[in-house]
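Asker: Here is my input, please return the structure:
(chains A and B)
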Amino acid sequence: MLIYFEKWRFIITLLNLVLLYILLRKFLFKPVTQFMENRTKSIQESIDKAEKSKVEATELKQKYEEQLRAAKNEADQIINDAKARANKEYEAILGNARKDAEGIITRAKEEIERERAQLLKDVKGQVTGLALVVASKVIEANMDNEKNKALAEKFIDEAGAA
Amino acid sequence: MNSEELIGKMQFKPYDINLFGLKIPISDSIIVMWMIMVALVVLAIIFTRNLRMVPTGKQNVAESIVDFVNNFTKGSLGHHWKPFAPYFGTMILFLLFSNIVSIFNVLPTGKAIAEATGLSFLGKLPEIAPPTKDIDITATMAIMSIIIVLFASIKIKGVKGWLKTFVTPLPLMLPFKIMEYFVRPLSLCLRLFGNILAAFTIMELIYIAEPFLIPGIFSLYFDLFDGGLQAYIFVFLTSLYIAEAIE
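Answerer: Reported below is the predicted structural model:
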């Protein structure tokens, strides 16, 4: 029998093909297609995510660089200000110190001058007294009068001036 | 081998199976078809187990087959590809296996295994010949294809749109358009049947003439190349008809 059409074989072949279609769709085409589509989607998502991260990273980098530059500028500013202020302070302190020192020196000089004058005056008085004593002792006369005293003072002044 | 034996090989052999007291006549082609179906489903299950993100080994094979079928369907049907891809895939895999199944004749036949092991039921297994050399099977496939063309056209265009296809571009085309629904499955069915039967017969003749080495070389063309080509042509024409019906 080369060509002989029979309805049962037709029906069984049809059922076979439908069954094969259902089984292959269930076990091969559906899962693999779905799997590959999911993979394509996930790869695309990963690429998109990476791209986005890159852009974000670049933006962040720019932001940080800007911030860093700003911070550096600020720091420079602060250092310069501090230096300027320190200089000014330094100048001021130095000036004050100089003024104080000059004041102290002037006062000290005045004090010294005054003390010297005082001392001189004291010494002059004592020397006068001493001279009077010495002179009275020497001339053995009572020279304790005004005239003698003036005389002796005059002598001592002359001696001091000499 | 005489000519009667050769003709015997070309024909299908009828079997009868009993199902709930109903006697159903089948043929050796249907038994081979069942064997192919079991092989396909088992392979499909094995090849798609443990799908991984990074494909290796057998997963690559499954992916390239599915990808080929999907791309083929997308290429011919455009954005309507999705429901048709598994059908085209099933057709092409089944036809490919059917057409080239003769190369498995190097394996021992069921009869030889039965004699060696004493498992007598194996002796009933037929010799492996392409089921597509049986016109029952090619006719069924062709009728199935034309039914799918019909339903795809009605589903996508609507009944009105489908009826319109009979009179476009000219009402004069009506008889030819109606005839197409009969000519197309007939040509699909006969092309496949004729090619595979002819290749099978030629291979048998070569076996008779020189059984050593020569059949192997010719088998490359008649079993592998012609079988693969006919499988592809069948599915390609079906896709062409569907594309024309739904456009």
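Asker: nearest spatial neighbour of the spatially most central residue of chain B, skipping sequence neighbours?
Answerer: Centroid-nearest residue in chain B: residue B:95, 2.6 Å away (criterion: Cα atoms, centre = their mean). Nearest residue to residue B:95, sequence neighbours excluded (Cβ to Cβ, 6 or more residues apart in numbering or on different chains): residue B:231, at 3.5 Å. Every C-beta, even on glycine, is put in place using the N, C-alpha and C of the backbone.
Asker: show me the contacts for the one you found.
Answerer: Contacts for residue B:231 (Cβ atoms under 8 Å, 6 or more residues apart in numbering or on different chains) come out as B:91-92, B:95-96, B:98-99.
Asker: confidence score at it?
Answerer: Predicted confidence (pLDDT) for residue B:231: 92.
Asker: What distance do you get for it to chain A?
Answerer: 14 Å (Cβ to the nearest Cβ, to the nearest Å).
Asker: Poorly predicted segments of the chain, please.
Answerer: Assuming you mean chain A. A:1-5, A:140-144, A:161-162 (pLDDT under 70).
Asker: Not quite, go with chain B.
Answerer: B:1-2, B:21, B:106-111, B:118-124.
Asker: Which helix runs longest in it?
Answerer: Secondary structure of chain B read by DSSP state H shows that its longest helix is helix B:174-209.
Asker: what's the spacing between residue A:47 and chain B?
Answerer: Distance from residue A:47 to chain B, by Cβ to the nearest Cβ: 14 Å.
Asker: for the closest residue in space to residue B:197 that isn't next to it in sequence, what are its contacts?
Answerer: Excluding the flanking residues, the one nearest residue B:197 by Cβ to Cβ, 6+ apart is residue B:133, at 4.4 Å. Neighbouring residues of residue B:133 by Cβ under 8 Å, 6+ apart: B:10, B:29, B:193, B:196-197, B:200.
Asker: same thing but at 10 Å, please
Answerer: Neighbour list for residue B:133: A:2, B:9-12, B:29, B:32, B:98-99, B:102, B:192-201 [criterion: Cβ atoms under 10 Å, 6 or more residues apart in numbering or on different chains].
Asker: ok, back up a step: which outside residues touch whatever helix or strand comes next after the longest helix of chain B?
Answerer: Once helix B:174-209 ends, the next helix or strand along the chain (criterion: DSSP states H and E) is helix B:214-219. Residues outside helix B:214-219 that contact it (Cβ under 10 Å, 6+ apart): B:100, B:102-103, B:105-106, B:199, B:202-210, B:222-223, B:225, B:227.
Asker: Pull out the buried members of these.
Answerer: Among these, those scoring as buried are B:100, B:102, B:105, B:199, B:203-204, B:206-207, B:222-223, B:227 (criterion: 16 or more other Cβ atoms under 10 Å in any protein chain shown).
Asker: tell me, how many neighbours does the nearest residue to residue B:167 once chain neighbours are set aside end up with?
Answerer: Once flanking residues are discounted, residue B:167 sits nearest to residue B:174: 5.9 Å by Cβ to Cβ, 6+ apart. Residue B:174 has 11 neighbours, counted by other Cβ atoms under 10 Å in any protein chain shown.
Asker: how close does residue B:174 get to residue B:185?
Answerer: As judged by Cβ to Cβ, to the nearest Å, residue B:174 and residue B:185 stand 19 Å apart.
Asker: again with residue B:214
Answerer: Distance from residue B:214 to residue B:185, by Cβ to Cβ: 37 Å.
Asker: one step back: distance of the residue nearest to residue B:167 relative to chain A?
Answerer: Following Cβ to the nearest Cβ, the distance that separates residue B:174 from chain A is 29 Å.
Asker: The residue nearest to the centre of chain B contacts residue B:145, doesn't it?
Answerer: No - when contacts are counted by Cβ atoms under 10 Å, residue B:95 is not listed as touching residue B:145 (11.3 Å).
Asker: what residues are shared contacts of those two?
Answerer: B:234-235.
Asker: Mind jotting down where the strands sit in chain B?
Answerer: Here chain B has its strands, by DSSP state E, at B:14-19, B:22-27.
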